[in-house]
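>>> pasting the sequence and the predicted coordinates here, then a few questions.
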Amino acid sequence: MAGKKGDWMPEKGIINTKQFVWLLFIMISAFATMQLPGMLIMQAGRDAWLSILGAWLLDVMLALVYAYMGIRFPGENLVQYSITILGKYLGRLVGILFPLFFLLVCTIVLRGSAQLVNIVFLPRTPLNVILVTSYLVSALIARKGLEAIARMTELLGPLYLLSIITLSFLVLPAFHMSRLLPQFDNGVTPFLTGAPLILTNFGVCIIMAMYIPLCNRPENGFLAKFSAVSMGALVVCLVTALSVGIFGIEDAQYMSSPGIQLAKMINFSNYIERVEMIWLLFLVGSTIVASSSLIWAFGQGIAQITGLKTYKPLIYPGALISLALGILSFPSSLQHTNFYHYTFPIVAAFVEVGLELLLFAVALILHKRGTA
Amino acid sequence: MRPFRFGKMKKASEPELIQPRVAEVETELENPKLSSSLADNQTTMQTIFTNCPDFMYRELKIGQERVPVLLLYMNGLTDEQTVNGDILKSLVNIKSSNIIVSGSNTIEIIKNIFLEIGNITEITTIGEVEEAVLTGSVVLLLEGTSKALKIGTKGFDGRIVSEPATEGVVRGPREGFTESLQKNTAMLRRKIKTPNLKLEKFVLGRVTKTEVNIAYLDGTVNSKVVDEVKKRLSLIDVDSVLESAYIEEMIEDEPFSVFPQIDHSEKPDKIAAAIVQGQVAIFTDGTPFVLIVPTMMTQFLQSSEDYYDRSIYATSIRLVRFVFLTLALLLPALYIAITTFHRGLLPTSLLISITAAREGAPFPTVIEVLTMEVTFEALREAGLRLPKPVGQAVSIVGGLVIGEAAVQASMVSPVTVIIVALTGIASFGIPSYSFALAIRILRFGMIALASTLGLYGVLLGVLVMSAHLVSLRSFGVPYMAPFAPFNLKDMKDSLIRLPWWAMGDRPRLIAKNNNNRQRQKFFLKPVPPDDNEK
Amino acid sequence: MTVLMMFTALAIGLAEGLPLKKKGQRRELVVMTTLLAMTILLAVGHYLALPSPLVLLERWLEPVGKAIFK
Amino acid sequence: MRKLVLIMVCLSIALLLTGCWDYKEVDRLATVMAIGVDRVPGSEIILLTVQIASTQGNGSNKQTGGQRGDGGPAYTVMNSEGKSLSEAIRNLGAQSTRRILISHCKLIVIGEGLAKTGIGEIVDDLKRDRQFRRTDRILTTDKTAKEILEKDIALEQVPARGLDLIMQNFETAGPVLPVNCNDFFVRLNEDPHVSSTPFAQLQDIDKEVTRQLEKAVGRPLDSEGKPKTLTIAKTAIFKDQRMVGVLNEEDTRAHRWLMDSPKGSSITLTYTPKAQPNEEKGEIQLDIIDGKTTIMPQISENGITMNIDMRAKVSLHETGSADVNVRDAQKIEQIQQQAEEAMKRQLEHTIDTAQKELKSDYVGFSENLHNSFPVDWKQVKDQWDNIFPTVNYHVSCEVEILNTSIISNPTLRSEPEE
């Protein structure tokens, strides 16, 4: 019965464009709706939702680079083409930064969601139990491969989008336009500094470069990314604008998760109320699936750098490292928030923009191209 | 022994390593040829069938040369009338005919000229003779030749065609398959009248020699699936196959999954519909249950009656079934999670009544729910196995004792009884019994998760379950299709059922390239007569 | 925590490593063991009150971040 | 496969060993329906009153249904004290056999003492605690919160629910602007730092009515021990975390017109026909079906002017003894005009109170100024408290009678008007 699956599941073309979109959407929105709106409001005040639009524009431009590189090096993901471009040793050195970055993002995402669950859901349960179970489930999903992850996102993505839209409708009665006004109260500085902050979060979808070679139509990479980022931006925009319009900037900026607070505000004709748990379930589900694809990307990247045949044995060790980092690095939620706010954007900007543009420039100068 | 299926670990390029069992090779090794001496053959057969009083042999001499002929058959498996009336009479008639029966072509002459029977094949080995006798044929042995004739006289009084007990319908055909394979395939043939309906025969089980037929519609079916089915069937090497479940467990993709990956039915109309849309049916002799591959999860939530009711009603009942599914899986878990972890989700007045109802309850909610669930499962099992009249008594006693007395004695809170009863009803709402079994088992897992981590635990459980579901495949078709991978065209017959005139395509994943059901380019949508045409 | 983490690493090592060894995929085994060793290193480092890599990263980059973001 | 089994075993062992931390049976919980906060005068101690829904005699033993068997109250009131709200809640644990569950609380009552000395610290507690919700309604009282929460409310088993229902009704119609925690906090945070809550009072309405009746019939009526009635008809104004004053019924109505919309409110006016300006013809009541208030700031050399424009579409609800022929277009015009004047007077009075008496901008001037002139606002922002009393305003009202309820003219006709 050998090769039974092999007959049906070729390694290439295992995800289609639709799944590509949902993979990226879950990635962006799960990461960016959790804690980000609060930070963003702190940074950009009432202009927060506008700076998301700015970041969206920047990110779409960045996506052009990634999509182009995907086409220029057909069948290769960003780890592989950094080796192709920069050579065996330097290329590996640069290439390993990408999987490590994915692991870092995974650490931040899951730690964030576990904290949220701990605070809102299960205050007496130790945080570590929640973290361990989240990691276990996302590693289980990651072990099943990208195909399974893609299908999960295909189920969860629309539900998540729908949940946010429903949420927005339900809290609309509490929304006051006047709290969102006036725009550009403090000039354009908040807008300009807010945009990079959110760009670094949207930028996590550089993971698209890991998906492109596995997509059945790699040339649609840009289109997929464009629609995913647009939907993601819409979602984050909704959450941010509603938070400001409901809580005012003074309160909203210090909320650890404005989305949850929004869900707590739901009181629809005094009947549908106290349903934030349900929304949180969607959010946490999305983060777990998103982090499973991050762990997958880590395993895949490391396997390619070290030249392994399969990435699967690396999934659990990878999740364990991430878990160890998550537990050991942050003594409290405050440290996590600070790291996320001040340190992460710098790292992210370096990896997402700096490294990729470097690769892009070197590829152009040295006229490197993919062979396949 | 069948190779243990960790095969998926191996590379795709190695399938040749395991050779499908080729029937001829083995028979030659094990089965000696028939001897040309009738006496030798007779002794051999007698040794084989020692202590088999139902094994009959009848010697007679035919033709003018008085050539000795031996008829072998099993009493009771053959149609007595055919043996006595047709075969014996024809053989005796040889005497009066003027064709000389002698020499090497005797057997040909008997076969071609004298026997008034349709189904005759020539066989040459002892094994074949043995099999033929055991499957109810009459074997004719002739002196001086090493060939024998297998005369199909299968006559076995089986159950008559009756309404299937497991799949009742209000509207739709009421016939169900029986235990006889011939009858079953005949019922199928009656529905699909095209030579494209192919039936291929396998004999499985060293001891039981069960006949297994696969049926598919050539030109519609995905030939890869047929090849895969044949390959997997040919790898089966066990002593017995007594029910289709034996086969099911040996050819499914993920042996340790709780979910059934192969659907089965005892309704000819359902099997015919499956074959027409490009699936392969596996008939097993001795059981009315016919397997359908490949299977997607939605099939377990569909009943054949969905296609006979009006599409709007069918769609809404399917939606209700999805709700049932969720309830059957999650309701007790949600009850525990919400009342013991997240009271906030309850409306205030409901919370107060639940609190009041639990006042003074001796056991924790989890224990209460678990006990009640187990009791309920036991009641159901008892009701199922006991003779029908007693079964009803059991359910009455169970309902009275558990539902009423336990609450009266304040051993169980009434809300728990309501929840368990609702769950039970919901699990009856799932049309497929085997799928409901999977849900019943998972329900307990969900209860455990809910009682440790609340809704978060339930979420984890659902995530793991759906990760498992989306990675399942049944003969190459994703189990969760058309939801994941999403396919809009196939959605027409999943959560919803479009009217027949709108179902122009067969499911893409099953019928691959041969998916055009209607030959017209236009829809068959009925249009009221146009007034302007007059 | 440290002990628990080492135990988990060991368990994963056994569960994933044994089949790899059986199949003779040595390279995979080495990489996997390295990753697990890194976890154990992290755990031991934490036990000895050494800062984790993320904390080091934070010490480096936080001033930069604070200069840019509020 | 073996791996999966291994992991599952690990997981189940882990789960079994650790147990369930947050698991709590529902009958081990005390569901708080409302909380009240008071302050011991002159000290930091906070007195907490919680109203807990009681389930005794409410449950499965009740076979008959409907009426509660033993007649015990459906709620229990508990008190505790502490230096802060959260400490007081913790201290409740010392006397409660059940864990306190606040997430169903819908109402927070603030006693007058606390409101006047400052509510800053309890606001932080309310925002931080995960169980409180920003949709909880907030209420101030002239008595102590304890008295309010111990008060039965007619027709409701649990008084907190009754109070909540009253506030819910205000949401669609009524003179008082209902305020939930979120609005309250946000207004306190945002620039003029002025917010408002409904104001509850315990009044001896019954005693008063009985006294009047006794006077009328000339004999004593049986009126012993009728309890006081709880009414919510006024508005408390908070500025910088302190209650600075209470608006009376009329101002409360105008306050709602300005901050929310006139919709659902009503106008009562004393109708005087044009022909006989000195002769009052009685009360007319108009229900406002639809309406809108806009405040447009205008900046000129002589300072800031607020143009308040109010439009209301009304239904003639009661003409009382005012014998008006409402089918006469002229009469309708007159009524409209007088209603406009009445509204205008009301609004002006309220704004005057805000500017002169309470010196707090609860009429939404700064908000509109900020939105329309963000640049100019920045200049006046810091001295707004000084500027606000001097801001000019101009009120214009427009009333349009849409219908006259289900009859047109009054059917009881007295002498003709003109």
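Looks like it arrived, so ask away. If you're wondering where the values come from, they're calculated on a predicted model, not measured in any experiment.

>>> when you work out contacts or count neighbours from here on, use the C-alpha atoms and nothing else.
Fine.

>>> what's the helix or strand hosting residue A:246 packed up against?
In this assignment (DSSP states H and E), residue A:246 forms part of helix A:221-252. Contact here means 3 or more Cα pairs under 8 Å, 6 or more residues apart in numbering or on different chains; DSSP states H and E; on that basis helix A:221-252 packs against helix A:17-34, helix A:36-44, helix A:48-72, helix A:146-171, helix A:177-180, helix A:258-265, helix D:181-189.

>>> and if we set it to 7 Å?
Under the contact criterion of 3 or more Cα pairs under 7 Å, 6 or more residues apart in numbering or on different chains; DSSP states H and E, helix A:221-252 touches helix A:17-34, helix A:36-44, helix A:48-72, helix A:177-180, helix A:258-265, helix D:181-189.

>>> what residues does chain C put near chain A?
Counting by Cα under 7 Å from any Cα of the partner chain, the residues of chain C close to chain A are C:12, C:16, C:27-28, C:32, C:35-36, C:39, C:42-43, C:46, C:52, C:54-55, C:58, C:61-62, C:65-66, C:69-70.

>>> list the contacts for the residue of chain A found nearest chain C?
Here the residue of chain A nearest chain C is residue A:342; by Cα to the nearest Cα that distance is 4.3 Å. Contacts for residue A:342 (Cα atoms under 7 Å, 6 or more residues apart in numbering or on different chains) come out as C:62, C:65-66, C:69.

>>> Provide the secondary structure category for it.
helix (DSSP: H, G, I helix; E, B strand; the rest coil).

>>> please apply the same query to residue B:212.
Applying three-state DSSP: residue B:212 is strand.

>>> give me the phi and psi for the closest residue to it other than its chain neighbours.
Closest residue to residue B:212 apart from its sequence neighbours, by Cα to Cα, 6 or more residues apart in numbering or on different chains: residue B:284 at 4.5 Å. Dihedral angles of residue B:284 (phi, psi; degrees, to the nearest 10) stand at phi -120, psi 130.

>>> from residue B:294, how far out is residue B:284?
17 Å (Cα to Cα, to the nearest Å).

>>> higher neighbour count, these two?
residue B:284 (29 against 26; other Cα atoms under 10 Å in any protein chain shown).

>>> before we move on, back to that, are any of the residues of chain C next to chain A buried, and which?
C:12, C:16, C:27-28, C:32, C:35-36, C:39, C:42-43, C:46, C:52, C:54-55, C:58, C:61-62, C:65, C:69 (16 or more other Cα atoms under 10 Å in any protein chain shown).

>>> per-residue confidence at the residue in the stretch 251-372 of chain A that chain D sits nearest to?
Distances between the stretch 251-372 of chain A and chain D by Cα to the nearest Cα are smallest at residue A:265, namely 5.8 Å. For residue A:265, the pLDDT comes out at 87.

>>> how many neighbours does the residue lying closest to it once chain neighbours are set aside have?
Counting by Cα to Cα, 6+ apart, residue A:265 lies nearest to residue D:135, which is 5.8 Å off, once chain neighbours are set aside. Close neighbours of residue D:135, defined as other Cα under 10 Å, add up to 22.

>>> residue D:135 should be in a helix, yeah?
No. Membership of residue D:135 in a helix is not supported by three-state DSSP, which gives coil.

>>> wait, it sits on residue A:268?
No. When contacts are counted by Cα atoms under 7 Å, residue D:135 is not listed as touching residue A:268 (10.6 Å).

>>> measure residue A:104 to chain B for me?
Residue A:104 is 22 Å from chain B, where distance means Cα to the nearest Cα, to the nearest Å.

>>> find the nearest non-adjacent residue to that residue, please.
Closest to residue A:104 by Cα to Cα, 6+ apart is residue A:322, at 7.2 Å.

>>> quick check: mean pLDDT of the host helix or strand of that neighbour?
Using DSSP H and E, residue A:322 sits within helix A:315-329. Averaged across helix A:315-329, the pLDDT comes to 92.

>>> for it, buried residues please.
For helix A:315-329, by 16+ other Cα under 10 Å, it's A:315-329.

>>> quickly name whichever of those is closest to residue D:333.
Nearest to residue D:333 out of the buried residues of helix A:315-329 is residue A:326 (Cα to Cα; 73.4 Å).

>>> count the neighbours of the closest residue to the closest one other than its chain neighbours for me.
Nearest residue to residue A:326 in three dimensions, chain neighbours excluded: residue A:107, at 5.4 Å (Cα to Cα, 6+ apart). Residue A:107 has 25 neighbours, counted by other Cα under 10 Å.

>>> wouldn't residue A:107 be in contact with residue A:321 here?
No. Using Cα under 7 Å as the test, residue A:107 is too far from residue A:321 to be in contact (9.0 Å).

>>> give the helix, strand or coil label for residue D:230.
Residue D:230 - assigned by three-state DSSP - is strand.

>>> same question, the one 5 residues further on
Put simply, residue D:235 is strand when judged by three-state DSSP.

>>> retrieve the pLDDT associated with it.
Reported pLDDT for residue D:235: 91.

>>> my guess is it contacts residue D:244. True?
No. With contact defined as Cα under 7 Å, residue D:235 does not reach residue D:244; the gap is 11.0 Å.

>>> so which residues on chain B come close to chain D?
So far as Cα under 7 Å from any Cα goes, chain B lies against chain D at B:339-341, B:344, B:348, B:352-353, B:355-359, B:364-365, B:452-453.

>>> relative to residue A:288, which of those residues is nearest.
Distances from residue A:288 to these, taken by Cα to Cα, are shortest for residue B:453, at 15.8 Å.

>>> in helices only, show me the contacts of residue A:342.
C:62, C:65-66 (DSSP state H).

>>> how many other residues sit next to the closest residue to chain D within chain C?
The nearest approach of chain C to chain D comes at residue C:15, 5.8 Å away (Cα to the nearest Cα). Per other Cα under 10 Å, the neighbour tally for residue C:15 reads 18.

>>> do the same with residue A:334
The burial count for residue A:334: 11, using other Cα under 10 Å.

>>> dump the ones in helices among the contacts of residue A:342 to TSV, plus pLDDT and distance to residue A:90.
Output for those, formatted as TSV (pLDDT from 0 to 100; distance: Cα to Cα, whole Å):
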residue	pLDDT	distance to residue A:90
C:62	88	27
C:65	86	28
C:66	86	31
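
>>> filter the residues of chain C next to chain A down to the ones near chain B?
Checking those against chain B (Cα under 7 Å from any Cα), there are no matches.

>>> can you tell me which of the residues you listed are in helices?
C:12, C:16, C:27-28, C:32, C:35-36, C:39, C:42-43, C:46, C:54-55, C:58, C:61-62, C:65-66.

>>> how about the residues of the stretch 51-200 of chain A near chain C?
residue A:193.

>>> how about the residues of the stretch 51-200 of chain A by chain D?
So the stretch 51-200 of chain A meets chain D at A:120, A:122, A:124-125, A:181-182, A:185 (Cα under 7 Å from any Cα).

>>> now those residues as TSV including pLDDT, neighbour count and secondary structure?
Compiled in TSV, these are given as follows (pLDDT from 0 to 100; neighbours: other Cα atoms under 10 Å in any protein chain shown; DSSP: H, G, I helix; E, B strand; the rest coil):
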residue	pLDDT	neighbour count	secondary structure
A:120	84	16	helix
A:122	87	24	coil
A:124	86	12	coil
A:125	86	20	coil
A:181	77	20	coil
A:182	78	19	coil
A:185	75	17	coil
